[in-house]
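Trainee: Sequence and predicted structure below; questions after.
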Amino acid sequence: MSTHPFIDRWHNSAAAERANYALFLSELCDYLEVPRPKPAVADAAQNHYVFEYPVTFRHPTGLSSTGFVDLYKKDCFVLEAKQGSQAPEPSLLFEMPHRRGTAIRGTAGWDQAMLRARNQAEQYAKALPAADGWPPFLIVVDVGYSIELFADFSGTGKAYVPFPDSLTHRILLEQLEIPLVRARLRAIWTDPFTLDPSRISARVTRDVAWHLASLARSLEQDHPAEAVTPFLMRCIFTFFAEDIHLLPRESFSKLLESLRQDLSNFKPMVESLWRTMDSGGFSPILREHVLRFNGGLFESTEALPLNRAQFDILCLAAGAEWKDVEPAIFGTLLERALDPRERHSLGAHYTPRAYVPSQFGLCAAGRIRMEKSHRNR
């Protein structure tokens, strides 16, 4: 049982949507430390954050009807609330009536009811005033049990998909104790576009591109660009693989930290790791088993020796949130990092999509194809 009063209080609530949903959502706002909904006023244009927000449905017949959004916050979300129930104990089946509410939780019927609620929320979003636009989030709540998130940051309302993904878009009541979950919900209530993956990727790209550019310029003073580029790409992919847990959690970061006072061993130890990543198997460097990355990136495992300043820049880049970077922009990262004149003369081309692991957990490292420009042929 949770230690937080909010979760304890709602743990056994069931089968009374109309009686419970407004109270539950108000107390949820308190728990998330966001403002509660405001009282509705006569001027509907001023009702930007209210319960029971009215919308007008226009039907093909030319008729119209009114619906009510359970909770609406302009520029943030449309929320549809339901409330299911737990299956009754077998001994009680014939002893007293059992209210089902929306559906019995954990059944196929409940899943279908939640899907209908999601579609209902989308219809409400479609019926909002044109001036309001499409909200970035649809939220489906089973009061006292779960919260489901769907997002479309495009503003078109054409692609509401589970957020952040299909495995974690459903938040159970007890999971509200996880700080990351509460932070995500708080952002949906207060500034939802900060959760837009494209904006996050752009921010990370700007941060790491500066570090990579500095490192590339420094390395190219002592090494040819043909050696610097694949070295940086192997580093980039290793950062990414660690952050999405294709490598053991924090393993490469800890390796770099262990080498901070032992730079002479950076080159042989990283090369040893990359050889294992190419073949798969036990890595004596990480003391862990490593997947095989078989796309060709680690067929060459050459690492460049780094001085103190170069190593520090590499560590700064390693500290970025690489899991938030769309793999398709890996090539862009290198293009920004390489000296423009060298990039033009080399005519570098990349195939970053090949680095993306398949849904079955297989790994492909992708390839870098370096071609001489027509001018230098």
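Mentor: Right, received. Where do you want to start?

Trainee: Let me know the average pLDDT across stretch 289-303.
Mentor: In this model, stretch 289-303 has an average pLDDT of 89.

Trainee: looking at this structure, which helix or strand does the model trust least?
Mentor: strand 368-370 (a mean of 28; mean pLDDT, DSSP states H and E).

Trainee: doesn't Arg182 make contact with Ile147?
Mentor: No - the pair Ile147 / Arg182 is not scored as a contact, 11.1 Å apart, by Cβ atoms under 8 Å. Placement of C-beta: from N, CA and C, glycine included.

Trainee: How about the top helix by length along the chain, which residues are buried there?
Mentor: Taking DSSP state H as the criterion, the chain has its longest helix at helix 197-219. Across helix 197-219, burial judged by 16 or more other Cβ atoms under 10 Å covers 200-201, 204-205, 208-209, 211-216, 218-219.

Trainee: so which strand or helix has Phe57?
Mentor: If you go by DSSP states H and E, Phe57 is part of strand 49-58.

Trainee: I meant Gln310, not that one.
Mentor: Applying DSSP H and E, one finds Gln310 within helix 308-318.

Trainee: Contacts for that helix next, please.
Mentor: With contact meaning Cβ atoms under 8 Å, 6 or more residues apart in numbering, helix 308-318 is reached by 208, 211-212, 214-215, 218-219, 235, 239, 252-253, 256-257, 259-260, 263, 266, 306.

Trainee: now it and helix 197-219, what's the angle there?
Mentor: Between the axes of helix 308-318 and helix 197-219, defined by axes from the mean of the first three to the mean of the last three Cα atoms, to 10 degrees, the angle is 170 degrees.

Trainee: Averaged pLDDT, helix 308-318. What do you get?
Mentor: 91.

Trainee: buried ones in that helix?
Mentor: For helix 308-318, by 16+ other Cβ under 10 Å, it's 310-311, 313-318.

Trainee: who's more crowded, Ile147 and Arg182?
Mentor: Ile147 (23 against 16; other Cβ atoms under 10 Å).

Trainee: quick one, what contacts the more buried one?
Mentor: 139-141, 170-171, 185.

Trainee: quick one: which of these sit in strands?
Mentor: 139-141, 170-171 (DSSP state E).

Trainee: Tell me who's in contact with Gln86.
Mentor: 14, 104-105.

Trainee: Try it again at 7 Å.
Mentor: 14, 105 (Cβ atoms under 7 Å, 6 or more residues apart in numbering).

Trainee: State the distance from it to Asp312.
Mentor: 56 Å (Cβ to Cβ, to the nearest Å).

Trainee: and if you look at Arg118?
Mentor: Look at Arg118 and Asp312: by Cβ to Cβ, they are 48 Å apart.

Trainee: Lys267 too?
Mentor: Separation of Lys267 from Asp312 (Cβ to Cβ): 16 Å.

Trainee: can you check Ala40 too?
Mentor: Taken as Cβ to Cβ, the span from Ala40 to Asp312 is 56 Å.

Trainee: in what helix or strand does the nearest residue to Leu28 once chain neighbours are set aside lie?
Mentor: Spatially, and ignoring its direct neighbours in sequence, Leu28 is nearest to Phe6 (7.4 Å; Cβ to Cβ, 6 or more residues apart in numbering). Element membership for Phe6, per DSSP H and E: helix 5-10.

Trainee: same question for that helix, mean pLDDT?
Mentor: On average, helix 5-10 scores 94.

Trainee: Give the next helix or strand downstream of it.
Mentor: helix 17-32.

Trainee: Check which helices and strands that next one is in contact with.
Mentor: Counting contacts by 3 or more Cβ pairs under 7 Å, 6 or more residues apart in numbering; DSSP states H and E, helix 17-32 is packed against helix 5-10, strand 77-82, helix 179-190.
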